[in-house]
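> Please work out how this folds:
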Amino acid sequence: MNNDLEKRRELLFTAEPADQVTRALNLLSGLPDLKTAHSDKTCTLIIHYNLRDYTLAGLEQALEQEGFHFDRSFLHQVARNIIYYCEDTSRHNMEIRGHVTKKNEKDVFVEVCGQHHHQENAGQPPELREYE
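Predicted structure coming up:
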């Protein structure tokens with residue numbers, strides 16, 4: 001298993017309602033292949049998951065639909081958006097087996113160039129080529 005796919009994240013909830021962390025812990029503990037733990041930080045829950053199974057965005061959206069509220073401070077929002085983007089990109093890249101031009105860039109370039117006739121004056125307009 002690829003260690004880059006194993007994630008440890010913190011879910012940072014708002015202070016109200018006060019029992020959010022405990023309720024989220026109980027709810028998430030029932031999900032397969034997801035580990036949860038209390039954090040030393042207040043209003044924070046630690047989760048461990050594999051990107052093949054979950055994303056932070058998906059987990060947070062599911063919790064929000066259940067009535068949970070996350071810290072929306074500017075820095076936390078920026079950090080979460082970066083995580084969302086990185087996880088989405090990683091999952092997208094896992095689904096792509098490899099683009100032909102990325103595997104054989106040189107071969108593709110040679111093939112394209114081979115289709116064009118190369119002459120020393122190829123950069124000149126056709127009407128000027130006749131005068132040489």
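
> What residues of the lengthiest helix in the chain count as buried?
Secondary structure of the chain per DSSP state H: the longest helix is helix 74-95. Residues of helix 74-95 classed as buried: 80, 83, 87, 90 (neighbour count, 16 or more other CB atoms under 10 Å). Glycine gets a C-beta too; all of them are placed from N, C-alpha and C.

> And that helix, what does it pack against?
Applying 3 or more CB pairs under 8 Å, 6 or more residues apart in numbering; DSSP states H and E, one finds that helix 74-95 contacts strand 6-12, helix 56-65.

> in its sheet, what does the shortest one sit against?
Looking back up the chat, that one is strand 6-12. Paired neighbours of strand 6-12 in the sheet (DSSP bridges): strand 44-50 (antiparallel).

> Residues in contact with the strand it pairs with: which ones?
1, 5-13, 21, 24-25, 28, 33-39, 59 (CB atoms under 8 Å, 6 or more residues apart in numbering).

> hmm, try it at 7 Å
Applying CB atoms under 7 Å, 6 or more residues apart in numbering, the external contacts of strand 44-50 come out as 5-12, 21, 24-25, 28, 33-39, 59.
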